[in-house]
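Asker: Quick check, what structure comes out for this input:
(chains A, B and C)
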Amino acid sequence: METFEPTIVGFFCNWCTYTAADLAGTSRLSYPPNIKIIRMMCTGMVDPKYIIKALLEGADGVLISGCHPGDCHYINGNYKARRRVKLLKTILDQFGFEEERVRLTWIGASDGIQLSETINQVVEQVKALGPVETKTGMVI
Amino acid sequence: MSERIGFYICHCGINIAYRVRVKEVAEYVATLPNVVISRDYLFMCSDPGQELIEKDIRAHGLTRVIVASCSPRMHEKTFRTACERAGLNPYRAFHMVSVREQVSWVTENEDAATQKAKILAGAGVARVIHQQDLTPATFPVCTNTLVVGGGIAGMQASLDIASAGFKAYLVERQPTIGGHMLQYDKTFPTLDCAACIGTPKMVSVGQEPNIELLSYSEVEEVNGFIGNFQVTIRKKARFIKDNCTGCGECEKVCPVVIPNEWDVGTKLRKAVYRPFPQAVPITYCIEKYDQAPCIRTCPAGTNVQGYVGLIRLGRYEDAIRLIMQKIPLPGTLGRICPAPCEKVCRRKKVDIPVAIRELKRFAADQVDFSSFPVPEIKDCPEKIAVVGSGPSGLSVAYYLRLKGYQVTIFEELDVLGGILRADTPDSRLPSSVLDNEINYLLRHGIHVKTGTAFGSDIDIDDLQQQGFSGIFLDIDTRKSAPTQIPGLKLTKKNLLQVDPKTFQTSLPGVFAAGNPITKPAAAIKAIKSAHKAVEAIHCYIQNDTLENIEKKPGKKKPSGTNWKPLPPELKKAPEIPTSRLALDKKTKNFDEANPGFDETEARKEASRCLNCGGCCECKLCVEACEAKAIDHDMPEEKEIINVGSIIVATGFDPLDPSPMTQYGYGRLANVFTNLEFERLSNATGPTGGKLLKRDVKNPLNFTDPPKSAAILHCIGSRDINYHEYCSRTCCMYALKYAHLLKDKCGHDTQVYNFYIDMRCFGKGYEEFYKRVQNEGVKMIRGKAARIEEKEGMLCVTAEDTLSDSMVEISVDMVILCTAMEPRSDIAQVARTFGIATGGDGFFLEEHPKLEPVSTASSGVFLAGACQGPKDIPDTVAQAKGAASEAMALSATGKVSVAPMISYIDPDICIGCRMCIELCPYSAIEFNERTQTSEINEAVCKGCGSCSAHCPSGAAKVKHFTDKQIFSEITGLLAG
Amino acid sequence: MSTFFKLEVKDTDLLSCIQSFLQSLLSSGKMDALLVPGHLPMNNNVMPTLISDPEHLNHADPLAPSFPVNAAKIASRLTRQPSGQTIGLVLRPCEIRAFVELIKLKQGTLDDIVLISLDCLGAYTNKDYAAFSKDDPIGATKAFVEHVLDQKQSEKDLMAPACRVCEYPVSGQADIRIGLYGMEWKNQIAVETGTTKGEDVLEALSLEKITEPSARKQVVEKLISERISLRDKMFEETSQATSSIEKLSSYLSRCVNCYNCRVACPVCYCRECVFVTDVFDHDPYQYLKWARHKGEIKMPTDTIFFHLTRMAHIGLTCVGCGQCSNACPNDIPLMELFRTTAHNVQKAFEYEPGRQVEEPIPLSVFEVEEYEDVVGIARHSG
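Answerer: From the prediction side, this is the model:
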């Protein structure tokens, strides 16, 4: 049986987690290719509908990641992101999306190692869940 | 118009191509819609690479370009510029896909890497066609630069900027510029003295007309953006005006003694001080906190901290004068006062409160009131009658007399003192004490009529007829026969009815002090009321009205609790001071009265005062200052300055080695930190530059030179428990210390260096190492494990890793080479300037190699040790680099800001104004005319807080529109 | 403390009693116009009407079980700019709650407004009301009132699903409340002050002050608790019916992307919904690409996307009025779906829409320390 390789869409803030991803690269820290990163300027600009869109188009998981509390390049975008993710997770829960499918983390610009570990864990967790329903069935 | 996309994948030498089959990716992308050219190339960022793109754009009419190579944070700008050269709008045309940092470098499997590269490229193809024309806005640049921190980095940067003809504001939070460098003695490897090369810089800064020095100031808020910052500076109150001549007379009279931070506590200073003699500016400074709790609690408002300080200095007469500003009977109150001040004394947090009342009594007992000089009084003609001579009567009489009034006390009995005479066992308050003090008060020219009973012998009418324009009644209407005084109203409790603010009775010009007290211990309360009555009577007589008193807002005492922090060395296990043991022993003996402190005990007890308020506001300095430069009411000021660039040069903190108990710092007198050693060696330090051992009994005392010393490297650096990084300077200054010890204490002094690795990488450093080795300094390769006291010596235990053996070496003195660490408030400072800190805690530069002075915030640059441990040459070099960045901005005169900012579509906006609340930069305003919200393009930074909330999509961030993001998502997932 | 005034009901004609009370309000000079549901003169349909002539209040029928639009949006239109006049708005509790949410979004104001609310007797769907009132609209209202207040069980209860599970039959925000539950309604009802503004209006009418009718509190509490248990049952059933994307797709399979639900929704306040912009106007090849990717796609696309996004937008502010269901041409039980989601998210943010104008909508604010449960990748239970 072919092993299931999930697709994870990452919405990373330019200043912290995207920079951490560059650092992970520079440091040659390997992580699974399942994650595909979309560069955002701030987690605060991640509209909940981007996450819904990704999940409905068959992303098995979504990882939103930005600066640690207090470190936001735009002062407080990450706090606003946290509320939006809270809202969205509550909605998605009702329709059978497991909580592991949408993750919010704070990974600073210098946390290359943490970034690669986080991606490893997210991929592993989503792999354990199996493919997202929207991938296999019809979404109207 | 149909889109024509050109796709280029870079080999990056082999960095991408070794893991990603770039040709396969290019072939795949060629099949995607709208793609007309798809190529791979060895180095896309090279000139030929860029030319390839430009040529294709022209030859094939490309409308869009995608480069799959390194991170866009690296070369996005390069390729955008190439597109622009070929005539395309760079923001519309160009998109970059990261296949190096995000694919080849982090993916192990070649197939997986190639597949991922294809997907990312496909998403780019999907996205790029939705990108739109954007044009960066250009703004003029303010040519002023703010330099934060007046250490060597800040001074150098300011001087460079000034010499280029631009203005620099140099903000320093301490009262002087100079920074750590000026605390040092010699500098390695050349051994020129820090002061010799540093003070000329300080002087130049002070004299340079293009530099505005804002010392004792802090940056509070930064608004705006590159080229146009508005910075709020909080100028702390120095309490000394600019006309200070630096003569130092104030310092001589100041009673408050505090460890000098500049000398890292090895030396004391006064509350009014200048960190060191060459300080720039030369202006003194008074260290003030909120008013000490003892002063604030005393009902009479006595300057407790002040007189305790004077007692410590043995200046008892000054102490009594200070007390008598508020308490007319110091010896009396020194015996009977319930001392609420002692209950709030912060010393109790360390051990037990200072015995304030006993100190007051002691001071009073040192003064001979029969010969104590009476101040000169400027007489005025108005007559005041004081009826009764209890504590309030005496106080009113005394303080009105000091104002020059002709005061007469009428007393029913033969002696003055009222309630103070009653019920007081002589052992507690000997009548001689009271007599002496009352007589002293009378010597000020107060007249007395004893044996004159109010009501029977004399009444209000009589007094008024005798020409008394003010009358104060210190009588208890409950005790005396129900005196029906015409016109004087009584309360239900048979007390005189008085106005609570003015203390005036129902008769104009007749005052009384509210509730009469019934026991001597309450005297302090009576004195409190007396002070208010004095104010009222004075106001009444001067203005013939009391309106001003009523209107005058009660002088508000500062109510904060920002007191001087407890000194760290006191936080240890409490030990009852010997002075107090002596006192306790005396008071426990019931047979005889408490004889009080003797002089040694008293001064020792007084020295326990923590000086909570910093300056005690005794104002002796005001009299001492001939330039009249002292202003104790100087307010803190805020100033907003406009600058175009900011250089952060806030330096470092030395690590506090106290938590490393194995080294005994703070416990063992002769374990020094590197900075303490620098002060010891410095001519302005505690020993005048002599290297001496510390007196075990008194840490402020230094005795004789050490015969041997151990220098311990890497204290807190290269240590996983503290800081993993190397502090870079320690090896070299350790060698310098070794040399100084040999030089100053004699060449027979045994000096041992305990090191992990010697890092002598700079110019002339290795040569210096050889020189010091040749001077006979012993180098032991191994980190010291602990220091113990053995037979009066400090025994250092370490593993000598070269001989693979444990060594124990006893020395007279140990110096800990502590790590340089980020300033304790670096996180807050980072927030103020919108810059980041790295894993080591220091400020993060934009790129570790190529942008070492820039930060994530455009227009904010870094200089010196705030970015990482650095020695002086590196710091100066970086400062010059930062200055050149700032000058480049100023010289260009304009700056363009990234166009990826928000935009609100007025056709869609419904004016809910939610975005206005969410915007962290106040960049959105509501247009009342159109009833829509609008973006201020100069202020918006494009964070997207608005766009992510706006449900209708009226607010969007340019270059991050729904359409663009959705296409990218779809490209990743269904490509 | 609220004050109660007596309104006498003559000949058990509750509607006339309420009409004359509204006439006295309009004639009192305290307001210039009243917005109230009324029978249209041409065909007796019930619609919100803005009345400035007291005579015209004889058409008014706030008791009719007709709820064609949620008038919060009309209230917003009447108050978005100052008119210089005072308007009395006779609204159902859910309309007032939706209006409070719109005020938070700066789409209206309470200045120059008097909120008047009857105890809500509920309503039928548009179709059911049309059939029910066809011959005798006034008689139909009377029958409906008796049916609800005397709890006369008819064979078929036509009450709209939203009203059956509504736990807000009495408005907590109105300036003036006309009480119907727990009254001797055939003889008299009580009108109650909700705010000082309402007090000011009522005191001027020289009505007789009475104490709170004794049975009222208990009757209302009982009603609410019955409704809550029905509501929770509905939540349970809806959750079951939509617990996966497949089930949700099935639930929404009749949706034709007409967006009528959005138009009817009182708290969907956008001028232009993002789903009708070019963002969702995909290129033809994109549809084909999707079809190729999965073998088959439903057209029009983005149906679930639309509903999920709408939940994210209005889940916190949904007042459960049921207009979405009423507006759906294909009878999708949207109210059940949206109320269930709304209940979950409102619970998550401890937010109750329409409770207070001062209470900020949760996504417009944040705290530094909160909702740590959604941060990080540790597995949580539940």
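Asker: Residue 82: how many residues sit nearby?
Answerer: This is for chain A. 25 (other Cβ atoms under 10 Å in any protein chain shown). Where you see a C-beta, it was placed from the backbone N, CA and C, and this is true even at glycine.
Asker: I was thinking of chain C, sorry if that wasn't clear
Answerer: Quick note: C:Pro82 (other Cβ under 10 Å) scores 9 neighbours.
Asker: Surely C:Leu180 touches C:Leu149?
Answerer: Yes: at 6.3 Å, C:Leu180 counts as touching C:Leu149 under the criterion of Cβ atoms under 8 Å.
Asker: Give me the common contacts of the two.
Answerer: Contact criterion Cβ atoms under 8 Å, 6 or more residues apart in numbering or on different chains; residues shared by C:Leu180 and C:Leu149: C:Leu121.
Asker: Just the pLDDT for residue 34.
Answerer: Using chain A here. We have a pLDDT of 97 for A:Asn34.
Asker: not what I meant, chain B
Answerer: pLDDT at B:Asn34 comes out at 94.
Asker: what's whichever residue of chain A sits closest to chain B sitting at in phi/psi?
Answerer: Nearest to chain B in chain A, going by Cβ to the nearest Cβ, is A:Met45, at a distance of 2.2 Å. Dihedral angles phi and psi of A:Met45 (degrees, to the nearest 10) take the values phi -100, psi 10.
Asker: okay, now B:Cys539: neighbour count?
Answerer: B:Cys539, neighbours per other Cβ under 10 Å, totals 18.
Asker: sorry, back to before: more neighbours: C:Leu180 and C:Leu149, which one.
Answerer: Per other Cβ under 10 Å, whichever of C:Leu180 and C:Leu149 has more neighbours is C:Leu180, with 24 against 20.
Asker: show me the contacts for the more buried one.
Answerer: Here C:Leu180 is in contact with C:Leu14, C:Leu118, C:Asp119, C:Leu121, C:Leu149, C:Ile189 (Cβ under 8 Å, 6+ apart).
Asker: can we see that at 7 Å?
Answerer: By Cβ atoms under 7 Å, 6 or more residues apart in numbering or on different chains, the contact list for C:Leu180 reads C:Leu118, C:Asp119, C:Leu121, C:Leu149, C:Ile189.
Asker: got it, and B:Lys267?
Answerer: Here B:Lys267 is in contact with B:Asn260, B:Gly685, B:Pro686 (criterion: Cβ under 7 Å, 6+ apart).
Asker: By neighbour count, which of those residues wins?
Answerer: Top of the contacts of B:Lys267 by neighbour count (other Cβ under 10 Å): B:Gly685, with 24 neighbours.
Asker: Surely that residue and B:Arg679 touch.
Answerer: Yes: counting by Cβ atoms under 7 Å, B:Gly685 touches B:Arg679, with 3.9 Å between them.
Asker: Let's verify the most centrally placed residue in chain A: helix, strand, or coil?
Answerer: Geometric centre of chain A, nearest residue: A:Leu63, 0.6 Å, by Cα atoms, centre = their mean. Of the three states, A:Leu63 takes strand under DSSP: H, G, I helix; E, B strand; the rest coil.
Asker: closest point of the stretch 451-600 of chain B to chain C, which residue?
Answerer: B:Asn562 (23.5 Å).
Asker: count of neighbours near the residue of chain A closest to chain B?
Answerer: 29.
Asker: any idea how far the spatially closest residue to it that is not a sequence neighbour lies from B:Ala784?
Answerer: Excluding its sequence neighbours, the residue lying closest to A:Met45 (Cβ to Cβ, 6 or more residues apart in numbering or on different chains) is B:Gly944, at 2.2 Å. Counting by Cβ to Cβ, to the nearest Å, the separation of B:Gly944 from B:Ala784 is 53 Å.
Asker: And for C:Pro213?
Answerer: Taking Cβ to Cβ, one finds C:Pro213 at 88 Å from B:Ala784.
Asker: Of those two, give the one with the bigger neighbour count.
Answerer: Neighbour totals were compared for C:Pro213 and B:Ala784, and B:Ala784 leads with 25 against 20 (other Cβ under 10 Å).
Asker: Next, the buried residues of stretch B:677-691.
Answerer: B:Phe677, B:Glu678, B:Arg679, B:Leu680, B:Ser681, B:Asn682, B:Thr684, B:Gly685, B:Pro686, B:Thr687, B:Gly689, B:Leu691 (16 or more other Cβ atoms under 10 Å in any protein chain shown).
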